[in-house]
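A.B. asks: Any chance you can model this:
(one chain, ligands or ions: 1)
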Amino acid sequence: MEARIAAFFGRYLGDLYLPHIRFIDVIEIVIVAVVIYEIMLWIKNTKAWMLLRGLLTLAGFILIAAVFKMHTILFLAKGCINVLATAAVIVFQPELRRALEKLGEKNFFSNLVPFERNKENQRFSDETLESLVHAAFEMGSVCTGALIVVEQAIHLTEYELTGIELDCKVSEQVLINIFEHNTPLHDGAVIVRGDRITSATCYLPLSDNMQISKELGTRHRAALGMSEVSDALIIVVSEETGQVSVAMGGQLARGVSEEYLMTRLSQIQYCTSDVKKFTRWKGRQKHEE
Ligand SMILES: Nc1ncnc2c1ncn2[C@@H]1O[C@H](COP(=O)(O)OP(=O)(O)OP(=O)(O)O)[C@@H](O)[C@H]1O
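C.D. replies: Okay, the predicted model is just below:
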């Protein structure tokens, strides 16, 4: 019986080449798979998806031209490739910048080693968190439009400069007051850093995402745009419907509940260890003699 099984495998698998796989090869395969997966996700979530579809169509045409030996088209395609590559880098400069920034933000070790939730690495206090949530839903209940940007690791100084400097403690009453209709500060966005509102009436970049619902106007587009170029969490209150939405990482969650907003805010309430180190390093440099 054994001999028959051996003969069977010998007959069918004798010529099969089975390379010797080392442990390092497995790690390499996993790394390549993760990188390809991340690139595919990036392509899907940015306008690079449109470009990829365009490129695939173009490649199809070139293939047909090659099969039928259309020399003029092949000559033109050859000449255009370099120009197209340069144009793609220019067109996708913001997306490429964001992708590299994201890579820099990631702390692979902090995901493995649980960090302590203490006052020292707290980005904002529980009081601020509650004020943000209560203010958003209070404004929602009376249909007062609002746009609140909660800063994380990436500093938003360039957007702060588009508004009016404030530097005041976050509180439910202050936020409601800022967004009150027909007051000088109600237009645009406020930026929150830690427990302080740094500025109001800030102008945010608008998203050019074509999948965003047509019923959403510029306030929601600005929230989404800001989340595409930074790691900030943006709270939007719709003036039309009173709905509270949250934008982060290029995604917009519409009509969220109080619990949802509270959970999202508590997820970013604590800095991971590398961010803490970065802030400390900056502080020390400022006071260097
Ligand atoms: N680029 C921007 N940066 C900051 N705030 C903006 C920006 N664009 C629009 N806004 C704010 O959004 C307001 C206009 O909102 P609009 O009605 O167009 O948006 P919406 O998404 O339909 O929101 P709503 O549901 O509240 O009507 C402006 O008055 C301004 O306060």
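A.B. asks: any weak-confidence spans in the stretch 1-150 of the chain?
C.D. replies: 1-2, 13-17, 45-48, 102, 104-120 (pLDDT under 70).
A.B. asks: one more time with 80
C.D. replies: Scanning the stretch 1-150 of the chain for pLDDT under 80 picks out 1-19, 41-52, 88, 91-121.
A.B. asks: dump the residue contacts of the closest residue to the ligand within it.
C.D. replies: Closest residue of the stretch 1-150 of the chain to the ligand, C-beta to the nearest ligand atom: Gly145 (3.8 Å). The way it works is simple: take the backbone N, C-alpha and C, and place the C-beta from them, glycine included. Gly145 makes contacts with 139, 179, 186, 219, 237-239, as judged by C-beta atoms under 8 Å, 6 or more residues apart in numbering.
A.B. asks: From those, pick out the ones that also neighbour the ligand.
C.D. replies: Residues of the contacts of Gly145 in contact with the ligand (C-beta under 6 Å from any ligand atom): 219, 238-239.
A.B. asks: Would you convert the residues you listed into TSV that also reports neighbour count, pLDDT and secondary structure?
C.D. replies: Compiled in TSV, the ones next to the ligand among the contacts of Gly145 are given as follows (neighbours: other C-beta atoms under 10 Å; pLDDT from 0 to 100; DSSP: H, G, I helix; E, B strand; the rest coil):
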residue	neighbour count	pLDDT	secondary structure
Arg219	21	95	helix
Ser238	21	95	coil
Glu239	16	94	coil
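A.B. asks: Which stretches in this structure count as strands?
C.D. replies: Along the chain, the stretches classed as strands by DSSP state E are 146-150, 164-169, 189-193, 196-202, 233-237, 244-248, 251-253.
A.B. asks: and which of the ones next to the ligand among the contacts of Gly145 is nearest Gly249?
C.D. replies: Nearest to Gly249, judged by C-beta to C-beta, of the ones next to the ligand among the contacts of Gly145 is Arg219 at 18.7 Å.
A.B. asks: can you tell me how far whatever residue of the chain ends up closest to the ligand sits from Ile178?
C.D. replies: The nearest approach of the chain to the ligand comes at Gly217, 2.4 Å away (C-beta to the nearest ligand atom). According to C-beta to C-beta, to the nearest Å, Gly217 stands 20 Å off from Ile178.
A.B. asks: More neighbours: these two, which one.
C.D. replies: Ile178 (22 against 12; other C-beta atoms under 10 Å).
A.B. asks: In contact with that one, which residues?
C.D. replies: Contact partners of Ile178, counting by C-beta under 8 Å, 6+ apart, are 185-186, 190, 197, 200.
A.B. asks: rerun at 7 Å
C.D. replies: By C-beta atoms under 7 Å, 6 or more residues apart in numbering, the contact list for Ile178 reads 185-186, 190, 200.
A.B. asks: For the closest residue to it other than its chain neighbours, the count of nearby residues, please.
C.D. replies: Excluding the flanking residues, the one nearest Ile178 by C-beta to C-beta, 6 or more residues apart in numbering is Leu185, at 4.8 Å. Here the count is done by other C-beta under 10 Å, and Leu185 has 17 residues near it.
A.B. asks: start at 290 instead
C.D. replies: Understood, numbering begins at 290; the last thing we discussed is Leu474.
A.B. asks: Next up, the contacts around Leu474.
C.D. replies: Applying C-beta under 7 Å, 6+ apart, the residues contacting Leu474 are 453, 467, 489-490.
A.B. asks: Which PyMOL command selects the buried ones in the residues you listed?
C.D. replies: Remark: buried members of the contacts of Leu474, expressed as a PyMOL selection using 16 or more other C-beta atoms under 10 Å:
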select buried, resi 467+489+490
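A.B. asks: Which two among the contacts of Leu474 are spaced furthest apart?
C.D. replies: Longest span within the contacts of Leu474, C-beta to C-beta: Ile453 and Ile467, 10.1 Å.
A.B. asks: Mind listing the shared neighbours of those two?
C.D. replies: With C-beta under 7 Å, 6+ apart, Ile453 and Ile467 have common neighbours 474, 489.
A.B. asks: before we move on, back to that, is it possible to get a markdown table of the strands of the chain that adds distance to Arg412?
C.D. replies: Conversion of these to a markdown table gives the following (distance: least, C-beta to C-beta, whole Å):
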| stretch | distance to Arg412 |
| --- | --- |
| strand 435-439 | 9 |
| strand 453-458 | 15 |
| strand 478-482 | 9 |
| strand 485-491 | 12 |
| strand 522-526 | 10 |
| strand 533-537 | 14 |
| strand 540-542 | 20 |
